[in-house]
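[1] from the sequence below, what's the structure:
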Amino acid sequence: NKELDKTVTSIEQKAQADFKKEKSILLGIKKDAKILFQASKLQKYPIFEDKNTLDILLKLQSENQLDGFITFTFNKESYFGVYKYHPKWEIFLVRAEEFGEFYAATTEIFKRVSLVIIAMTIVCAIIGIFLMRFILRYLKIITAGIIQMTRNQKLETIDIERAPADDITFLGVAFNSLANTINNLMNIFKKFTNRDIVLKAYRDKYIKLEGTRRELTCLFSDIKSFTYMTEVLGTDIITLLNLHYTRAINAVLEEDGIIGSIIGDALLAVYGALEESQGNKSYQAIRSAYEIHRVAQTIRKKMEEIKDKILSERGFLTPKEEKVYKAVLIEVGVGIDGGLVFYGNIGSYERMTNTVIG
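    Down below sits the predicted model:
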């Protein structure tokens, strides 16, 4: 025991002589957490209080890993060091440095370098801000325009008329070109589908095959004697149909109706599908029906005027002209019904249509 005490004292004295920092330590830790010796300028501790670290050391020792690096808490401070297991004494020899002291020199160098970097960064940032504001002065206009479009959910061109010929201006020109292209595509899209579907696609960026049961009013319209008209007019029937549909479809849209489908001479219109519509859907359908009849009447009147002009000029119509005259005297039938229907998109993701069923 005297020999052991002498050896321990010698170890502590030698270690303290080698220490260059105030909180450096050398510990001899037994498996039961008792401290055999402690070389340091700190107060003496009889027990190694970091039980988690001791458990790790015991596990490593059982796995025959007898040395290595380790971190632990001692004297309520964090330490980093190396350990080695001494099998004869059955203790763990731990040589460690407190983290703050260990990194003190590095931290000081880092602080000085950081101050230099911060000073240079501030100077460069000030210069850079003035340069960037000058170079990117029109980028603010472009950004503000894009933000406004995002809020309004509507694409518009950006006014960069007085901008210099630089990359930022070219970016604005490219955006305006893209906006015009998309707007053209949207306008084309609107001609082939209903307004509510266009708005939903623009808002959600996606169209699903889905629908809901809704209380709607439907208007059905077709042209009487259409087969006879087609046989007489041939391809000219397209011109007559377009003349009729241009006005009839406007009559539907003006009353917040949407076009369910157009099949030859037949037109299906739906009322009450638009969320923003506040009118009575049945009354809107009736108003459209009266207007569609008025449109047909206007076309008949125009054709009668043309006939009267020909008769006044030459006094007669040829048999062919008589047939054509009878064919172009458009008469329409209109029916209105309302109730619970399915309204939505049917088909496939390659080709779909918006319609009502029920």
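
[2] quick check: longest helix in this protein by residues?
    In the chain, assigned by DSSP state H, the helix with the most residues is helix 281-314.

[3] can you list the buried residues in that one?
    By neighbour count on 16 or more other C-beta atoms under 10 Å, the buried set for helix 281-314 is 281, 284-289, 291-293, 295-296, 299, 303, 307. Using the backbone N, CA and C atoms, a C-beta is placed for each residue, glycine as well.

[4] so for stretch 316-329, what's the average pLDDT?
    Mean pLDDT, computed over stretch 316-329, is 86.

[5] could you point out the helix or strand that follows the top strand by length along the chain?
    Of all segments of type strand in the chain, defined using DSSP state E, the longest is strand 332-347. Where DSSP states H and E defines the elements, the next helix or strand beyond strand 332-347 is strand 352-357.

[6] neighbours of residue 53, how many?
    Neighbour count of residue 53, defined by other C-beta atoms under 10 Å: 20.

[7] again but with residue 335, I slipped
    Counted with other C-beta under 10 Å, residue 335 comes out at 11.

[8] which residues does it contact?
    Neighbouring residues of residue 335 by C-beta atoms under 8 Å, 6 or more residues apart in numbering: 219-221.

[9] how about a cut-off of 10 Å?
    Applying C-beta atoms under 10 Å, 6 or more residues apart in numbering, we find residue 335 in contact with 218-222, 285, 289.

[10] over to residue 259: give its phi and psi.
    In terms of degrees, to the nearest 10, the main-chain angles of residue 259 are phi -90, psi 110.

[11] hey, what's it bridged with?
    Bridge pairing for residue 259 (DSSP bridges) gives the partners residue 269.

[12] my guess is it meets residue 354, correct?
    Yes - between residue 259 and residue 354 there is a contact at 9.2 Å, judged by C-beta atoms under 10 Å.

[13] is there a quick ChimeraX command that grabs whichever of the contacts of residue 335 are buried?
    Burial among these is assessed by 16+ other C-beta under 10 Å; the matching ChimeraX selection reads:
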select :218,219,221,285,289
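
[14] ok, of the contacts of residue 335, which one's closest to residue 231?
    Of all the contacts of residue 335, residue 231 sits closest to residue 222, with 16.8 Å by C-beta to C-beta.

[15] check the gap between the residue nearest to the closest one when sequence neighbours are not counted and residue 244 for me.
    Leaving aside its chain neighbours, residue 222 sits nearest to residue 266 (4.3 Å; criterion: C-beta to C-beta, 6 or more residues apart in numbering). To residue 244, residue 266 is 12 Å away according to C-beta to C-beta, to the nearest Å.
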